[in-house]
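Visitor: sequence and predicted structure, then a few things I'm wondering about:
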Amino acid sequence: MYLNKAFLYGNLTRDPELRALPSGQQLASFGLATNRTYKDKNGQKQEAAEFHNIVAFGRPAEIIAQYMKKGRPLYVEGRIQTRSWESEGQKKYRTEIVVENFQFGDGGRDNANTGASRDASEDQPAPNTADEIKYPDEEINPEDIPF
């Protein structure tokens, strides 16, 4: 069995570009930056960034294009695909991650480059204290547990 799977968590490097294929299917393309820190041979802390080309099709493409903007974090699972084409007599290549699954990141609250970000909990009303669970004040006896 062969395996072609990529797992990435990073920030968008540009707003997703949504367009329709001739078949009518939606396509979103965007960039994702990941980084890593390591120590060089002198023991100095170094950072390196990697930039990935990402494409999504169908409903995931629409959702990502609608909710994601440059600088926002995104988790992507997908497969690696390399396309080639002729342009001005030269063969060109592009390696991309084709999205199979994704999840929105934490909203970028700790990232100064995201600008004004919102947490999904801001849209929800504060919990009603009358609906909260009331726990007993006394200790629980292990013999009272039915299992």
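Guide: Now that the structure is in, tell me what you want to look at. Numbering: from 1, shown residues only.
Visitor: residue ranges with poor pLDDT in this structure?
Guide: 107-140, 144-147 (pLDDT under 70).
Visitor: strands of that one, start to end?
Guide: Along the chain, the stretches classed as strands by DSSP state E are 6-12, 17-20, 26-39, 45-57, 73-87, 90-104.
Visitor: I'd like these as JSON lines, with mean neighbour count and distance to residue 66 appended.
Guide: For glycine as for every other residue, the C-beta is placed from the backbone atoms N, C-alpha and C. Shown next, in JSON lines, are the strands of the chain (neighbours: other C-beta atoms under 10 Å; distance: least, C-beta to C-beta, whole Å):
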{"stretch": "strand 6-12", "mean neighbour count": "17", "distance to residue 66": "13"}
{"stretch": "strand 17-20", "mean neighbour count": "12", "distance to residue 66": "8"}
{"stretch": "strand 26-39", "mean neighbour count": "15", "distance to residue 66": "9"}
{"stretch": "strand 45-57", "mean neighbour count": "14", "distance to residue 66": "12"}
{"stretch": "strand 73-87", "mean neighbour count": "14", "distance to residue 66": "13"}
{"stretch": "strand 90-104", "mean neighbour count": "13", "distance to residue 66": "11"}
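Visitor: let's have the ones you listed in CSV, adding distance to residue 65.
Guide: Formatted as CSV, the strands of the chain follow (distance: least, C-beta to C-beta, whole Å):
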stretch, distance to residue 65
strand 6-12, 11
strand 17-20, 4
strand 26-39, 5
strand 45-57, 8
strand 73-87, 12
strand 90-104, 12
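Visitor: who is the most centrally placed residue in the chain paired with across the strands?
Guide: Nearest to the geometric centre of the chain sits residue 74, at 1.5 Å (C-alpha atoms, centre = their mean). Residue 74 has the following beta-bridge partners by DSSP bridges: residue 10, residue 104.
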